[in-house]
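Visitor: give me a 3D structure for the following:
(one chain, ligands or ions: 2)
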Amino acid sequence: MSDKLSCLRCGNCCRSIVFKLNVRNVEDREFYRARGFKVDGTRVDARVDHVCPHLVGDDCDLHGSSKPSLCRRYPGYMSDVDLLPGCGFKEKK
Ligand code: SF4
Ligand code: SF4
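Guide: Residues are numbered from 1 along each chain as shown. Ligands and ions are numbered 1, 2, ... in the order given. Sure, this is the predicted structure:
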């Protein structure tokens, strides 16, 4: 069996948007903390559940250059901690 990490085609990254913010203002960090976001120092890990309208079943209905660049490059620009639980690209710890 290959150890290579790969996409499991679960479609979960098309149902949630995950990103991190650098929030310097204490009150703004409290705003996020009060709404259940994970806050570590000035870093806020955000996850917003949103089903992309291009998701059909577990597949995208856009192909080739029609697919947004961020989607084509995902998850290459993400650090491991940002990836969704169960993502095939996530390192097993
Ligand atoms: S969450 Fe990970 S495994 Fe699932 S479709 Fe997205 S990149 Fe692939
Ligand atoms: S455009 Fe396609 S790959 Fe990008 S989030 Fe929507 S369904 Fe997923």
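
Visitor: name the element the residue nearest to the spatial centre of the chain belongs to?
Guide: Central residue of the chain (CA atoms, centre = their mean): residue 18, 3.4 Å from the mean position. Element membership of residue 18, judged by DSSP states H and E, is strand 16-22.

Visitor: next, the buried residues of the very next helix or strand once past that strand.
Guide: Downstream of strand 16-22, the first helix or strand assigned by DSSP H and E is helix 26-34. For helix 26-34, the neighbour count (16 or more other CB atoms under 10 Å) marks 29, 32 as buried. All C-beta spots, glycine's among them, are computed from the backbone N, C-alpha and C.

Visitor: elements contacting helix 26-34?
Guide: With contacts defined as 3 or more CB pairs under 8 Å, 6 or more residues apart in numbering; DSSP states H and E, the packing partners of helix 26-34 are strand 38-40, strand 43-49.

Visitor: quick one: the longest one to chain centroid distance?
Guide: Strand 43-49 sits 9 Å away from the centroid of its parent chain (CA atoms, centre = their mean, to the nearest Å).

Visitor: repeat for stretch 30-37
Guide: 18 Å.

Visitor: ok, and what's touching that stretch?
Guide: Defining contact as CB atoms under 8 Å, 6 or more residues apart in numbering, one finds that stretch 30-37 is touched by 21, 23, 39, 44, 45, 46, 47.

Visitor: the last one reaches residue 12, doesn't it?
Guide: No. The criterion here is CB atoms under 8 Å, and residue 47 misses it with residue 12 at 10.9 Å.

Visitor: shared neighbours, the two?
Guide: residue 84.

Visitor: what residue ranges in the protein score low on pLDDT?
Guide: Residue ranges of the chain with pLDDT under 70: 1-3, 80-81, 92-93.

Visitor: interface residues of it facing ligand 1?
Guide: 7, 8, 9, 10, 11, 12, 13, 75, 84, 87, 88, 89 (CB under 6 Å from any ligand atom).

Visitor: how many neighbours does the fourth one have?
Guide: Right, the one you point to is residue 10. Residue neighbour count, defined by other CB atoms under 10 Å, stands at 13 for residue 10.

Visitor: no more questions from me, cheers.
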